[in-house]
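# Pasting the sequence and the predicted model now:
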Amino acid sequence: MFEITDSTVDISKFLIAISSMSSLSDPSINNHNYRVAYIAFLIGKRISYSNEFLYNLIVSGLLHDIGLLLVHTKEDLALIKEPDAEENKIVHIHSEIGYELLKNFPFFSKIAKTIKYHHYPYKDIVKIRFPISSSIIYIADRIDIFITNNLREENKFSQISKLIPKLKQFLLKQRGTSFSPRTVDVAVEEIINKECFWFEILNDLYIKETLEDILKNFDRKIPAEAFFDLAQIMAYLIDFKSPFTATHSSGVAHIAASLASLFKFTAPDLKKMKIAGLLHDIGKVAIPIDILEKPGRLTQEEVNIMKSHVFYSYKIISKLNLDPNIVQWAAFHHETLNGKGYPFHLRAKDLSLGSRIMAVADIFTALMEDRPYKKGMPEDKALSIIKELADKNILDKRVVNILQQNIKSINMQRAEAQKKAAETYKKIREIPAKFKKQNLF
């Protein structure tokens, strides 16, 4: 189990979880990132024996479409659903978004560059300095899209023998133009003729398990401090889906950590609280944007869908091998003391102080923010509502009292954290306009 006090952290499960977010966001590309990572690994290990190269290649495959969770154009969507989609665009926005999101985090700097160029055809990419890993991710991506588009859902294994020659023709036709000659030769001569390749990538039950096993073999760890960067990236992926939630998790994390410090939580537990705050809404990746941004009252059906985000948060975070406190503090933020919260309908006896703190932090932050259906409230009005919820046995009175007694300093820290997140969000959102102005896509 991961402890915040450890000096290094194995992040393989986090990488798998981030990758799975794309499938939750768009079921039509279910497991695409896993398959691309696996295909890239098979090609890469026949080109390079460097463990660092292969590890970064797998991570690049898992995260190559991370930008699609934030911003995408019709051209970007076509690229992940059509093998012959037009490739003469100089810039593909989701690649640029992925690069911008990851480049400033030291652990991901090399991977960011691979992602930036992963839709550049070979004939263009040889003209600039680029990582060879981009070419490998590119052909792996196109192989998976070709297979997906040429395969019927029923009796997949029975179609393999007819699909192999078609895939070979597709690759050889673009050898030296779209695809690097070396990567085509490896794919055609050493990979796609093997039944085991097909049985692996066509089996959705095992592909993630296989990747987890491969990642374990590398035993790669990162400094514990870098783990917070990873949590922040995951928060950005959720919050940046909508301008109305763009800074929400950053605000919740800082309020929760501030309140926890006033309750004398230990230093390690304060770090856990901050991580829980960053991850608490991760399940919103599965919620359609038209529900997140609906200006009017949600229908009961839409409310049911919205409520599911907490369940998804619980499921995703539970798989990360984190301290159980992080899971509970993050996933129980819509539970209430009177047992009428959701999705588990826990009661006061089931809710730790950390979970109660997170509930207060989440509601107070949401009240202070603009949403499609309301403007952000003044501090005193938000506090008044929080106190009413405590009087109704929904929120913990002790936590609400501490918030009220320290509101100025806590709110100042929240505002500063959200300001920083807003600046990052603005940079991300400016990218499409920047390249459109230059006629690059």
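Nice, I can see it.
# ok, and the closest non-adjacent residue to Q174?
Counting by Cβ to Cβ, 6 or more residues apart in numbering, V184 is the residue found nearest to Q174 once chain neighbours are left out, at 7.6 Å. C-beta: built from backbone N, CA, C; applies to glycine.
# so what's the one you found up against?
By Cβ atoms under 8 Å, 6 or more residues apart in numbering, V184 lies in contact with I139, L171, L172, Q174, R175, G176.
# before we move on, what SS does the first one have?
For I139, the secondary-structure state derived from DSSP: H, G, I helix; E, B strand; the rest coil is helix.
# measure the residue nearest the centre of the chain to G67 for me?
The C-alpha lying nearest the average C-alpha coordinate of the chain belongs to I18 (Cα atoms, centre = their mean; 3.9 Å). The spacing between I18 and G67, counted by Cβ to Cβ, to the nearest Å, is 12 Å.
# next one: Y425
14 Å.
# again, but for S352
On the measure of Cβ to Cβ, S352 and G67 end up 37 Å apart.
# quick check, K274 in a helix?
Yes - under the criterion used here (three-state DSSP), K274 sits inside a helix.
# Buried ones in stretch 51-70, by neighbour count?
53-70 (16 or more other Cβ atoms under 10 Å).
# Return the distance of that stretch from the chain's centre.
Distance of stretch 51-70 from the chain centroid (Cα atoms, centre = their mean, to the nearest Å) equals 12 Å.
# All further residue positions should be reported with the first residue as 151.
OK, 151 is where the count begins now, so the last one is stretch 201-220.
# Just the mean pLDDT for that stretch, thanks.
For stretch 201-220, mean pLDDT rounds to 90.
# Quickly list the domain ranges of the protein.
158-372, 390-581 (automatic domain parsing).
# The last one - what's its average pLDDT?
Here domain 390-581 scores 93 as its mean pLDDT.
# how long is it end to end?
Taking Cα to Cα, to the nearest Å, domain 390-581 runs 13 Å from one end to the other.
# burial count for L420?
When neighbours are counted by other Cβ atoms under 10 Å, L420 registers 17.
# Could you do Y272 as well?
22.
# Burial check on A516, number of neighbours?
Per other Cβ under 10 Å, the neighbour tally for A516 reads 18.
# what residues are up against it?
Going by Cβ under 8 Å, 6+ apart, A516 touches H398.
# just the strands in the stretch 251-400 of the chain please.
Secondary structure of the stretch 251-400 of the chain by DSSP state E, counting those that start in this stretch: the strands cover 371-373.
# the helices in it, which residues?
Along the stretch 251-400 of the chain, the segments classed as helices by DSSP state H, counting those that start in this stretch run 259-266, 272-275, 282-299, 310-323, 331-336, 345-351, 354-368, 374-389, 398-412.
# What's the separation between the closest residue to S505 other than its chain neighbours and V334?
The shortest distance from S505 to any non-neighbouring residue, by Cβ to Cβ, 6+ apart, is to F482 (4.2 Å). Separation of F482 from V334 (Cβ to Cβ): 51 Å.
# how much space is there between the residue nearest to S505 and Q319?
54 Å.
# quick one, which of those two is more surrounded?
Taking neighbours as other Cβ under 10 Å, F482 and Q319 compare with F482 leading, 26 against 11.
# isn't that one right up against D512?
No - the criterion here is Cβ atoms under 8 Å, and F482 misses it with D512 at 10.4 Å.
# Would you list the phi and psi of K524?
phi -160, psi 160 (degrees, to the nearest 10).
# ok, it - contacts?
By Cβ under 8 Å, 6+ apart, K524 lies in contact with nothing.
# Report the beta-bridge partner residues of it.
On the basis of DSSP bridges, K524 is bridged to R521.
# What residues sit buried inside the longest helix anywhere in the chain?
For the chain, the longest helix by residue count, based on DSSP state H, is helix 557-587. The neighbour-count check on helix 557-587 (16+ other Cβ under 10 Å) flags 557, 560-561, 563-564, 567-568, 571, 574-575, 578, 581-582, 585 as buried.
# Stretch 340-355 now?
Buried residues in stretch 340-355, counted by 16+ other Cβ under 10 Å: I341, I342, F347, W348, E350, I351, L352.
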